[in-house]
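[1] predicted structure and sequence below. I'll ask about it afterward.
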Amino acid sequence: MGFPGTWMTESESVVYRVVPKCACSTIGQIMYFSDHGEFFDGDIHDATSGMHKWAIEESHQPIMNNVREHTSYAFTCVRNPYTRILSSFFDKICGIQRNGKRYRGNLVPMLIQKYGIEVGGEDGKEEFDQIKSFRRFLLFARDTIRWRRPMDPDIHWSAMSGHISTFIVNGGQYDNIFWTEAFNDGMQQVLDAIETPHAVDLAAIPRFNESEGHGPKRAHPVEDYFDDLSMHLVYEIYKKDFQLFKYDFENPGNKMPIGEIDLDEVHAKLGD
């Protein structure tokens with residue numbers, strides 16, 4: 001199995017388990033900058049050199065050796081499940097991707113046909129009932145996660161605990177898991193704990209939101225998208241995420257965590 005979704009600086013100063021839709025573009029660019037003193041020119045997900053990634057064959061051995069020996073500080077970052085699934089909908093389902101096409105080719109036409117969702121027309125710019133379409137997308141997301149149909153779940157809406165567990169199950173150990181909602185505090189803790197070839201001034205780092213502008217703007221407050229049934233579906237899909245990362249299931253309008261993440265609990269519950 002190895003360590004899918006794991007990135008490591010070439011200097012091996014730090015190891016990061018990517019969780020999609022949780023500030024991964026910004027974190028990747030910070031790691032790249034900490035080694036090279038400059039940002040990667042483009043989307044960091046497209047970088048095939050300058051950083052170790054599990055997706056790159058030659059990086060397998062260095063990552064495996066480091067993670068299994070716990071040579072370097074290892075971390076990841078999480079996000080409120082309500083805002084994460086909403087973001088996935090607007091970016092991946094309603095939005096036009098970097099290549100000028102719809103995400104995953106025939107996925108959106110299939111959703112329009114089978115689940116009756118709307119996405120704002122050809123370019124995602126037309127008015128449509130965002131709340132109704134999002135709730136139908138939520139049914140689809142649940143179907144993919146519970147029954148793996150009409151397709152396997154996508155990394156952008158599969159549970160964070162699933163991503164995070166592969167690192168633990170295969171012999172990794174996290175030193176830090178922090179919240180996207182308190183990004184500067186969490187990222188600063190990581191930077192304070194490691195030594196990098198180039199100093200990183202977090203206050204001067206831009207936010208690399210690669211999904212920004214892909215799709216229509218959210219027209220309503222977060223809580224308006226989730227009625228009682230939607231909340232039930234979200235809990236069915238993301239129960240572990242709410243429990244382990246201390247988010248408020250009862251109130252979709254509260255994106256902030258309501259407790260502290262217990263790393264021992266995370267390792268115990270996701271290490272089976």
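    Thanks, I have it. Since this is a predicted model, take the numbers as computed values, not measurements. Numbers count the residues shown, from 1 in each chain.

[2] how about the helices of the protein, start to end?
    In the chain, the helices defined using DSSP state H lie at 24-36, 60-69, 81-88, 107-115, 130-147, 160-169, 183-193, 228-245, 263-270.

[3] take those helices and lay them out in CSV including mean neighbour count and distance to Val222.
    Every residue, glycine included, has its C-beta placed from N, CA and C. Shown next, in CSV, are the helices of the chain (neighbours: other C-beta atoms under 10 Å; distance: least, C-beta to C-beta, whole Å):
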stretch, mean neighbour count, distance to Val222
helix 24-36, 21, 21
helix 60-69, 16, 35
helix 81-88, 22, 6
helix 107-115, 15, 21
helix 130-147, 18, 11
helix 160-169, 20, 17
helix 183-193, 16, 18
helix 228-245, 17, 11
helix 263-270, 14, 25
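
[4] which among the ones you listed is found nearest to Asn176?
    Nearest of the helices of the chain to Asn176, taken as C-beta to C-beta: helix 183-193 at 5.8 Å.

[5] what residues does that closest one touch?
    14, 23, 26-27, 30, 34, 73, 75, 77, 175-176, 178-179, 200, 202-203 (C-beta atoms under 8 Å, 6 or more residues apart in numbering).

[6] cool, stretch 245-254 as well?
    Applying C-beta under 8 Å, 6+ apart, the contact partners of stretch 245-254 are 78, 80-82, 160, 177, 179, 221-223, 225-226, 231, 234-235, 241-242, 256-261.

[7] try 6 Å
    78, 80, 82, 222-223, 226, 235, 242, 257-259, 261 (C-beta atoms under 6 Å, 6 or more residues apart in numbering).

[8] now list the buried members of those residues.
    78, 80, 82, 222, 226, 242, 257, 261 (16 or more other C-beta atoms under 10 Å).

[9] can I get the helices of the chain in JSON lines with mean pLDDT and distance to Glu122?
    Putting the helices of the chain into JSON lines (pLDDT from 0 to 100; distance: least, C-beta to C-beta, whole Å) gives the following:
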{"stretch": "helix 24-36", "mean pLDDT": "97", "distance to Glu122": "26"}
{"stretch": "helix 60-69", "mean pLDDT": "98", "distance to Glu122": "41"}
{"stretch": "helix 81-88", "mean pLDDT": "96", "distance to Glu122": "21"}
{"stretch": "helix 107-115", "mean pLDDT": "95", "distance to Glu122": "11"}
{"stretch": "helix 130-147", "mean pLDDT": "96", "distance to Glu122": "15"}
{"stretch": "helix 160-169", "mean pLDDT": "98", "distance to Glu122": "32"}
{"stretch": "helix 183-193", "mean pLDDT": "98", "distance to Glu122": "34"}
{"stretch": "helix 228-245", "mean pLDDT": "97", "distance to Glu122": "27"}
{"stretch": "helix 263-270", "mean pLDDT": "98", "distance to Glu122": "41"}
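
[10] top strand in the chain by residue count?
    strand 73-78 (DSSP state E).

[11] could you give the separation of that one from the chain centroid?
    Strand 73-78 sits 12 Å away from the centroid of its parent chain (C-alpha atoms, centre = their mean, to the nearest Å).

[12] so which elements touch it?
    strand 14-17, strand 176-179 (3 or more C-beta pairs under 6 Å, 6 or more residues apart in numbering; DSSP states H and E).

[13] perfect, I'm done here.
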